[in-house]
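>>> please find the sequence and the predicted model below.
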Amino acid sequence: MTQSRVRICISAAHTKEMLDKLLKNIDEVGDISRTKHSNKSEFYKSIEAIW
């Protein structure tokens, strides 16, 4: 297998703190496994999330 995707289901029952923890953990796993890749990553870094 040379390519894969991850799907995540988010519910309205999840709190902002839960989502922040999830994203932090996903980011860490991507760093460890060296699987983070996007040709538009710089574009998304400049977008501010509004809660």
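Happy to help now that I have it.

>>> helix or strand for the residue nearest the centre of the chain, which one?
When C-alpha atoms, centre = their mean is applied to the chain, the residue found nearest the centroid is Leu23 (4.8 Å). With elements taken from DSSP states H and E, the one containing Leu23 is helix 16-33.

>>> so how far is that helix off the chain centroid?
Relative to its chain's centre, helix 16-33 lies at 6 Å (C-alpha atoms, centre = their mean, to the nearest Å).

>>> got the contact list for it?
With C-beta atoms under 8 Å, 6 or more residues apart in numbering as the test, helix 16-33 has contacts from 6, 8, 10, 14, 35-36, 51. Using the backbone N, CA and C atoms, a C-beta is placed for each residue, glycine as well.

>>> gap between Ile26 and Val6?
Using C-beta to C-beta, to the nearest Å, Ile26 is found at 8 Å from Val6.

>>> what about those two, which has more around it?
Applying other C-beta atoms under 10 Å to Ile26 and Val6 shows that Ile26 carries more neighbours, namely 13 against 8.

>>> count of residues packed around Lys45?
Using other C-beta under 10 Å: Lys45 sits among 7 other residues.

>>> now Ser46
As a burial measure, Ser46 scores 6 neighbours (other C-beta under 10 Å).

>>> what do you get for Leu22?
When neighbours are counted by other C-beta under 10 Å, Leu22 registers 13.

>>> state the distance from it to Lys16.
Applying C-beta to C-beta, the value for Leu22 to Lys16 is 11 Å.

>>> cool, Ser4 as well?
To Lys16, Ser4 is 28 Å away according to C-beta to C-beta.
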